[in-house]
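A.B. asks: Quick check, what structure comes out for this input:
(2 chains)
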Protein chains: 2
Amino acid sequence: MILAMDIGGTKLALGVAGRDDFAKTGRLARIIKEPVPPPGTPEVVIPRLLTMSRELLGGDGVRLSAIGISIGGPLDHVSGTVVNFPHLPGWINVPLAGRMAAELGAPAALDNDANLGALAEHRWGGWEVHDMVYLTISTGIGGGIIVGGKLLHGIGSAAGEVGHITVQTGGPRCPCGNRGCLEMMASGTSTARRAREALEASPGDGAILRRLAGDDPGMITSALVLRAAHEGDRLAAEIWEGTAEYIAIGVGSIIHILAPQIVVLGGGVAQAGEYLLEPVRRRLRDHGTYMPLGRIRIEGARLGHDSALIGAATLALGN
Amino acid sequence: MILAMDIGGTKLALGVAGRDDFAKTGRLARIIKEPVPPPGTPEVVIPRLLTMSRELLGGDGVRLSAIGISIGGPLDHVSGTVVNFPHLPGWINVPLAGRMAAELGAPAALDNDANLGALAEHRWGGWEVHDMVYLTISTGIGGGIIVGGKLLHGIGSAAGEVGHITVQTGGPRCPCGNRGCLEMMASGTSTARRAREALEASPGDGAILRRLAGDDPGMITSALVLRAAHEGDRLAAEIWEGTAEYIAIGVGSIIHILAPQIVVLGGGVAQAGEYLLEPVRRRLRDHGTYMPLGRIRIEGARLGHDSALIGAATLALGN
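C.D. replies: Sure, this is the predicted structure:
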């Protein structure tokens, strides 16, 4: 059996599969999910993960051959150490892979959720490419880069931090220190923020969006912006076009650096499908003629919510 | 012997070396250069290159083992075809490597000048890294990417086109179709253009720069801007800081995508050395805290004008 774990800021997910079975299908036989137990420190989360693992694996007769672990934030994939997981307290320099390997008696590997999303999409998305860039656009924006069929890690396992490409020169300050990062302009959170700012600046506009949000700007989400745009709200349509424009600028910079065969957009915001892909492709065509853009595909992710978990299982396969 | 060729918009350069000797030292035994013969079409340039090659190789007894060719612009490195060399007329879909191989009787390989500059800098710069990004900042801005010790080509041999990363959102239109490309803001040509625009907008400023240019804005170059800044010209200092800022934004985006061990800045504008490197490093530190920036070096190129030619010889070594 192989075991996959995905540690999120609010949720733990585990999956198991027979090794050969997973290697053929990319499907996990069983998945369990539960909220992160409070207070979310390694001291409570790791024992909980171990208990969940033993439950999932069942009796003593099961032979566990490898473990793959997904977590967000800076980590060292070589030593299997979580450097800092900012969404939960106390996760600083935790040798997580080593700990899991020792407790569960099988080799364990660790990588970040966006990288593992990329790995899953590359291996199981049916794209048949060797060079891929994967972006996950949800609360934040992350990414993973596949070169020659393998994940590119870079120094400090830091490659693929596409959320911090500059797309709005002199734009709003990002917590990273830079201004106008892609994540600050085009994530779900940022799209909602830009919509709230626009409503505040134009009290006479955005009637449909205001109504959909129940006149509470705090209720605005990127999905609501898209829905309002559909129902004919001009302000919402401009905000959504802005999101596509910023993503196109970021993808344009990525493409000119890497010239991958495909750019795959995943995550909650990308679930808009063609409503996001079409304007991104259009703006990329408008922007650049030097690149073989006709040959670089811009597509939506084929794997769903569990892509990081499936990526973790795929990582385990490599062991 | 190995033979290296560098075909530029105004100049042809050829070099030869003993294969073993070059593999040890990275030095060409002899280099010859001459202007591109008019009108610069393949019909006149290719025969001239062949004549120069035969002169350089000397008598019949010489055994040529491989040829490496450098040229700018879109090409297909796999088939050895120049897709379009925009600086000379008629260079469209020219199977240059095959032609040279047939005429000179040795295998020939072709790549673009920025990629070969990167290859040379990686192999002979003494950096001892496996992941490098090389930027050449002169009239235009190009680049080459080394991943795992090898050049990254991407689809259509188009990777490394770092001159078309967006660094000024909504900025001036680039011939590529995009706005605010790095090349449009920070190349030598663009730095001079920004200086001329600033002088025009502020008739009372830039007295030193005006004097150095002999009161002829057409004489302004990026080197003159740097010199005026040194002599205390505030307008020139702001323009030069702008160049460093745009390069830092571009390098910041590159770093967040690739996390290379080193970014090497080459080309005429980078000959400013620390006058460019210091402000670029400073602005990168100001910008980003998520990256292991302390571990990513930003350095000036160690190879000089002939880096593309040396890269072409290095490419020949691979044959």
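A.B. asks: Hey, what's the angle from the helix or strand where residue A:253 lies to helix B:234-258? Just curious.
C.D. replies: Assigning secondary structure by DSSP states H and E places residue A:253 in helix A:234-258. Angle of helix A:234-258 versus helix B:234-258, following axes from the mean of the first three to the mean of the last three Cα atoms, to 10 degrees, is 80 degrees.
A.B. asks: tell me which residues of helix A:234-258 are tucked away?
C.D. replies: A:235-240, A:242-258 (16 or more other Cβ atoms under 10 Å in any protein chain shown). No exception for glycine: its C-beta is placed from N, CA and C like everyone else's.
A.B. asks: Which strands or helices does the following helix or strand past it pack on?
C.D. replies: Downstream of helix A:234-258, the next assigned helix or strand under DSSP H and E is strand A:262-266. Packing partners of strand A:262-266 (3 or more Cβ pairs under 8 Å, 6 or more residues apart in numbering or on different chains; DSSP states H and E): helix A:113-124, strand A:132-137, helix A:234-258, helix A:274-287, strand A:297-300.
A.B. asks: Can you tell me which of those is nearest to residue B:286?
C.D. replies: Closest to residue B:286 of those, according to Cβ to Cβ: helix A:234-258, at 20.0 Å.
A.B. asks: Does that closest one reach chain B?
C.D. replies: Yes - Helix A:234-258 reaches chain B (Cβ under 8 Å from any Cβ of the partner chain) through A:249, A:252, A:253, A:254, A:256, A:257, A:258.
A.B. asks: Give me the phi and psi for the residue of the stretch 1-150 of chain A found nearest chain B.
C.D. replies: Relative to chain B, the nearest point of the stretch 1-150 of chain A is residue A:147 (5.8 Å; Cβ to the nearest Cβ). In terms of degrees, to the nearest 10, the main-chain angles of residue A:147 are phi -120, psi 130.
A.B. asks: Run the chain-centre distance for the helix holding residue A:253.
C.D. replies: Averaging C-alpha positions (Cα atoms, centre = their mean, to the nearest Å) puts helix A:234-258 17 Å from its chain's average.
A.B. asks: what does stretch A:33-45 give?
C.D. replies: 21 Å.
A.B. asks: What average pLDDT does that stretch get?
C.D. replies: Across stretch A:33-45, pLDDT averages out at 97.
A.B. asks: For the stretch 101-250 of chain A, which residues are neighbours of chain B?
C.D. replies: Close to chain B, as judged by Cβ under 8 Å from any Cβ, the stretch 101-250 of chain A has residues A:131, A:143, A:145, A:147, A:152-169, A:171, A:176-180, A:249.
A.B. asks: Among those residues, which ones are in strands?
C.D. replies: The strands, defined by DSSP state E, take in A:143, A:145, A:147 from these.
A.B. asks: Hmm, residue A:131 and the last one touching each other?
C.D. replies: Spelled out, it's residue A:147. Yes - counting by Cβ atoms under 8 Å, residue A:131 is a contact partner of residue A:147 at 5.7 Å.
A.B. asks: Need the overlap of contacts for those two.
C.D. replies: Both residue A:147 and residue A:131 are contacted by residue A:258, under the criterion Cβ atoms under 8 Å, 6 or more residues apart in numbering or on different chains.
A.B. asks: lowest average confidence, helix or strand, in chain A?
C.D. replies: helix A:274-287 (a mean of 91; mean pLDDT, DSSP states H and E).
A.B. asks: in it, what counts as buried?
C.D. replies: So helix A:274-287, judged by 16+ other Cβ under 10 Å, has buried residues A:276, A:277, A:279, A:280, A:281, A:283, A:284, A:287.
A.B. asks: Can you name every helix or strand that it contacts?
C.D. replies: helix A:234-258, strand A:262-266, strand A:297-300.
A.B. asks: Now do it: everything it contacts.
C.D. replies: Applying Cβ under 8 Å, 6+ apart, the contact partners of helix A:274-287 are A:226, A:240-241, A:243-245, A:247-249, A:251-252, A:255, A:265, A:269-270, A:293, A:298-300, B:176-179.
A.B. asks: hmm, 6 Å instead?
C.D. replies: A:244, A:245, A:247, A:248, A:252, A:270, A:298, A:300, B:177, B:178 (Cβ atoms under 6 Å, 6 or more residues apart in numbering or on different chains).
A.B. asks: cool, stretch A:154-171 as well?
C.D. replies: A:75-77, A:135, A:140-145, A:152-153, A:176, A:179-183, A:185, A:246, A:249-250, A:253, B:168-169, B:249, B:253, B:256, B:258-259, B:261, B:291-292, B:295-296.
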